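Participant: got a structure for you, letters missing:
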């Protein structure tokens, strides 16, 4: 009897010590059954695209007239009565000139938006039943959409920042440089210290001028910025209301500094995600898209059911992304 009482006491004590459930982490998200119910047919996907593009009804892209007559040439068309311009629901969007059915695009929306660690082009190929080049291009088009969206984010309030690299070291070289790709990690937190928005941005280098150019377009002037002792961060006080520098040193101990808890946590999550999902990719050419994809999902994590519609809205608002444009190197940092 005594043993049973002790076991019962210990069990209740363990339960009382459990960490509270993270509501964001344990939210249901958009299940595959719900996805197929809402977007399982070409007609449903077409209706969703039309609603995302023209939420208040058709508007001609050329003259702004709202009058139209329906027509068809293999895909439903809207012909403006004002100027005669014919438009489909995907003309002018990232899906323009696609030969894939919309159901395939929506499956790609689903896998990219609902997967916490992302999905490789090879895995996407198998899920969609398309060729690897098609899956690769589709994935990069949507990552470019995410990249363009994230460029509009401006951090404010309390912000933790750190310098980081993508890629490995060049043979015979140690430390910074080599064949690594430099980027800046920044996390905006609320008054309770919880992360709100993250940015991962490619930069030319971690020098003073490159950091100032990045901060001028990524951080609001009325902000408190916390950085380590890296010289490239020294002049941030000229651009923001308050800049705190904390000399953290190097190694594992520096990564555990309390003032940089969230930026270090998200950097660790980013590197784990990239290493676990992708065998390899061209850091220097496409790194900015992979960084933006991680940030895009994290910044919309609070409502997983709404992530797919948000990606759809971004896709119809994004300009066409032909292969020649996708394969261009990143614009100047």
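Facilitator: It's in. On a predicted model such as this, the values are computed, not experimentally measured, just so you know. Residues are numbered from 1 along each chain as shown.

Participant: where does residue 198 land in three-state SS?
Facilitator: strand (DSSP: H, G, I helix; E, B strand; the rest coil).

Participant: any idea how far residue 320 is from it?
Facilitator: Relative to residue 320, residue 198 is positioned 28 Å away (CB to CB, to the nearest Å). For every residue, glycine as well, the C-beta is placed using N, CA and C.

Participant: swap in residue 215?
Facilitator: 32 Å.

Participant: Which one of those two is surrounded by more residues?
Facilitator: Ranked by neighbour count (other CB atoms under 10 Å), residue 215 and residue 320 place residue 215 first, with 24 against 15.

Participant: Next, the contact list for the closest residue to that one other than its chain neighbours, please.
Facilitator: Once flanking residues are discounted, residue 215 sits nearest to residue 239: 5.1 Å by CB to CB, 6 or more residues apart in numbering. Counting by CB atoms under 8 Å, 6 or more residues apart in numbering, residue 239 touches 212, 215, 216, 219, 221.

Participant: and residue 239, backbone torsions?
Facilitator: Main-chain torsions, residue 239, degrees, to the nearest 10: phi -110, psi -20.

Participant: Then residue 292?
Facilitator: Dihedral angles (degrees, to the nearest 10) for residue 292: phi -70, psi -40.

Participant: coming back round to it: what separates the residue nearest to residue 215 from residue 140, distance-wise?
Facilitator: 33 Å.

Participant: Let's test this: name the helix or strand in this protein with the lowest mean pLDDT.
Facilitator: For the chain, counting by mean pLDDT, DSSP states H and E, helix 2-16 ranks last in confidence among helices and strands (a mean of 38).

Participant: Show me the strands in the stretch 201-333 of the chain, by range?
Facilitator: Ranges of strands in the stretch 201-333 of the chain, per DSSP state E, counting those that start in this stretch, are 219-227, 242-245.

Participant: what does the stretch 1-150 of the chain give?
Facilitator: Using DSSP E, counting those that start in this stretch, strands in the stretch 1-150 of the chain cover 68-72, 76-80, 86-87.

Participant: Would you indicate which residues of the second one are buried?
Facilitator: Judged by neighbour count using 16 or more other CB atoms under 10 Å, the buried positions of strand 76-80 are 77, 78, 80.

Participant: for these, which one is nearest residue 306?
Facilitator: Within the buried residues of strand 76-80, the smallest distance to residue 306 is 27.1 Å, found for residue 78 (CB to CB).
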